[in-house]
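# turn this into a structure:
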Amino acid sequence: MTENERMAERFEANRGHLRSVAYRMLGSATEADDAVQEAWLRFSRADTSRVENLAGWLTTIVARVCLDVLRSRKARREEPFEVQPHGGGDPEGEVLLADSIGVAMLVVLEALTPAERVAFVLHDMFEVPFEDIAPIVRKTPVATRQLASRARRRVRGADASTSDRARHRQVVEAFLAASRGGDFSALLNLLDPDAVLHADAGVVRMGAPAEVVGAAAVAQTFAGRARTARLADFDGEPGLLWSVGGRPRVRFRFKFAGERIVEVLMETAAAQ
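Below you'll find the predicted structure:
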């Protein structure tokens, strides 16, 4: 076996790990592959005869490449995060990468600064010591620990918010399905006993009641309707949008108590 073949073999033994690190850093399967390829180029040109921990050395190289990408991305104000990884020659592998961390977590990580993201991913996800992360982000170990701690607090707060939105979206989806199907019982189960519906003046002029009080009355109002409504997001929260001839007319916003709807707000789409 030639020296080049031995080097390639050693690198390939670490490729899966390096790709996982890069994907968590960048949130893009394509960019993760590019970062790993750049690491290979640097590895092939370097003298690693005295490197005792090759996996750690390669992880450092990939992290530095990813940090450069993240900083460049922030400067260009671009968001290449791929909710559903695509492209490349291994779509199954890309799906496994996404599943291993979760789309919600990737979205949360996008809110971190490049240095916070590197410190958090390397330490909290891959157990890299702060002493080894510090040279990558050009901070002291103490400052690097603070970066990871700040990122951890932001992730925990955003994760709880993301979880709430996910549950609320499921409730809205169930509400839409029950409304379309005329399932009064299902609607009733999704509504708080004291649920109320409020409509603004524009919606009232379209024939809707200004106010409906009580779960049974609200359920009756929606049963068998909303057939042309679709799911939409308003200010980061799930709702419904009703259009006529492709033109938005009414938006439905919801307030929740736990996993039940306590208020439905019907607003003219022009109010957006």
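
# and the longest helix for this protein?
The residue-count maximum for a helix in the chain (DSSP state H) belongs to helix 141-181.

# OK, contacts around Ile133?
For Ile133, the contact set (CB atoms under 8 Å, 6 or more residues apart in numbering) comprises 63, 118-119, 122-123, 141, 144, 148. Bear in mind the C-beta positions are built from the backbone N, C-alpha and C, glycine included.

# could you redo the last one with a cut-off of 7 Å?
Ile133 is in contact with 119, 122-123, 144, counting by CB atoms under 7 Å, 6 or more residues apart in numbering.

# secondary structure class for Arg50?
coil (DSSP: H, G, I helix; E, B strand; the rest coil).

# tally of neighbours for it?
Using other CB atoms under 10 Å, Arg50 is surrounded by 5 other residues.

# quick one, phi/psi of it?
phi -100, psi 0 (degrees, to the nearest 10).

# that older thread, how about the contacts of Ile133, which pair is most distant?
Using CB to CB, the two most remote members of the contacts of Ile133 are Leu122 and Thr144, lying 9.3 Å apart.

# could you point out which element follows the longest helix of the chain?
Moving toward the C-terminus from helix 141-181, the next helix or strand (DSSP states H and E) is helix 184-190.

# which of the residues in that following helix are buried?
Judged by neighbour count using 16 or more other CB atoms under 10 Å, the buried positions of helix 184-190 are 184, 186-188, 190.

# then stretch 244-254 to PDB, C-alphas only?
Extracted in PDB, the C-alpha atoms of stretch 244-254 (Å, rounded to 0.1, in the frame of the first residue of the first chain):
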ATOM      1  CA  VAL A 244     -61.100  33.400  -2.700                       C
ATOM      2  CA  GLY A 245     -59.900  33.100  -6.300                       C
ATOM      3  CA  GLY A 246     -56.300  33.100  -5.000                       C
ATOM      4  CA  ARG A 247     -56.800  36.300  -3.100                       C
ATOM      5  CA  PRO A 248     -56.400  36.100   0.700                       C
ATOM      6  CA  ARG A 249     -59.500  37.300   2.500                       C
ATOM      7  CA  VAL A 250     -59.500  36.200   6.100                       C
ATOM      8  CA  ARG A 251     -56.800  34.900   8.400                       C
ATOM      9  CA  PHE A 252     -57.600  32.800  11.500                       C
ATOM     10  CA  ARG A 253     -55.300  33.300  14.500                       C
ATOM     11  CA  PHE A 254     -55.500  31.100  17.600                       C
END
